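Undergrad: Build me a model:
(one chain, ligands or ions: 1)
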Amino acid sequence: MKVCIACGMPMNEPADFAMSDSEKDYCVHCARPDGSMQSYEEKMDSLTGFIVRTQGLDRDAAKEAARKMMSRLPAWRESAAEGKRS
Ligand SMILES: [Zn+2]
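TA: Residues are numbered from 1 along each chain as shown. Presented below is the predicted three-dimensional model:
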């Protein structure tokens with residue numbers, strides 16, 4: 001089973017993959033409409049919004065939670081480390 005490199009979601013069905021392409025390493029939620037992978041900032045934004053909606057955190061706390069989640073994922077290890085330094 002593959003796991004999305006950008007959000008950690010398990011991808012079981014072709015429909016879970018970007019463009020329903022099981023060769024892709026990221027899921028449908030992490031793809032732009034054209035099928036390319038979202039940038040760190042884009043994913044951070046959507047994840048922050050998701051956490052605000054589902055956990056009721058304020059935006060700053062949600063952003064910190066999103067950064068922590070993303071720092072554990074292969075797609076973002078470098079970007080997250082850079083974000084911490086700046
Ligand atoms: Zn994903």
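
Undergrad: in this structure, which spans are strands?
TA: 2-3, 10-11 (DSSP state E).

Undergrad: Distance from the first one to the middle of the chain?
TA: The offset between the C-alpha centroid of strand 2-3 and the centroid of the whole chain comes to 13 Å, using C-alpha atoms, centre = their mean, to the nearest Å.

Undergrad: Averaged pLDDT, it. What do you get?
TA: What strand 2-3 shows for mean pLDDT is 96.

Undergrad: Let me know how buried the closest residue in space to Phe17 that isn't next to it in sequence is, in neighbour terms.
TA: The spatial neighbour of Phe17 that comes closest, neighbours along the chain excluded (C-beta to C-beta, 6 or more residues apart in numbering), is Lys24 at 4.9 Å. Any C-beta I mention is one placed from the backbone N, CA and C, and that applies to glycine too. As a burial measure, Lys24 scores 21 neighbours (other C-beta atoms under 10 Å).

Undergrad: What is the burial count for Cys7?
TA: For Cys7, the number of neighbouring residues by other C-beta under 10 Å comes to 20.
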